[in-house]
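S.K.: Could you work out the structure for the sequence below:
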Amino acid sequence: MPTYDFLCQKCTKAFELICSIDEYEQKEKQGLKCPECGSSKVVRQISGFQVKTSRKS
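M.R.: Reported below is the predicted structural model:
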């Protein structure tokens, strides 16, 4: 499942949301809020990702 990273512009709290793409789209339409201060002034951050394969490097 994807991890989405956010930063609150009001209190500068960084937080993440782990959910499916469909769940994320629903939450985005409803309005994402900072879990620390409740502000809706949150910005999605660019985050890294990992790919796992069965091949050895």
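S.K.: For residue 47, give its distance to residue 21.
M.R.: Distance, residue 47 to residue 21, by CB to CB, to the nearest Å: 15 Å. Where C-beta positions appear, they are placed from N, C-alpha and C, glycine not excepted.
S.K.: With residue 31 as the reference, measure out to the residue lying closest to residue 20 once chain neighbours are set aside.
M.R.: In space, and not counting its chain neighbours, residue 20 is closest to residue 1: 5.9 Å by CB to CB, 6 or more residues apart in numbering. In this view, residue 1 and residue 31 are 21 Å apart by CB to CB.
S.K.: same question, residue 37
M.R.: Taking CB to CB, one finds residue 37 at 14 Å from residue 31.
S.K.: So for those two, which sits in the more crowded spot?
M.R.: residue 37 (12 against 8; other CB atoms under 10 Å).
S.K.: give the contact list for that one.
M.R.: 8, 10-11, 13 (CB atoms under 8 Å, 6 or more residues apart in numbering).
S.K.: same check, this time on residue 27
M.R.: 17, 19.
S.K.: Does it belong to a helix, a strand or coil?
M.R.: helix (DSSP: H, G, I helix; E, B strand; the rest coil).
S.K.: where does it land on pLDDT?
M.R.: We have a pLDDT of 91 for residue 27.
S.K.: how close does it get to residue 56?
M.R.: 38 Å.
S.K.: Kindly report the same for residue 17.
M.R.: Residue 17 is 33 Å from residue 56, by CB to CB.
S.K.: before we move on, what about residue 33?
M.R.: Relative to residue 56, and taking CB to CB, residue 33 is found at 43 Å.
S.K.: Could you do residue 14 as well?
M.R.: 34 Å.
S.K.: Neighbour count: those two, which is higher?
M.R.: residue 14 (11 against 4).
S.K.: That one: what's its closest spatial neighbour, skipping adjacent residues?
M.R.: Per CB to CB, 6+ apart, closest to residue 14 is residue 7, 5.3 Å.
S.K.: quick check: mean pLDDT across the strand or helix carrying residue 5?
M.R.: Secondary structure assigned from DSSP states H and E places residue 5 in strand 3-8. With pLDDT averaged residue by residue, strand 3-8 scores 94.
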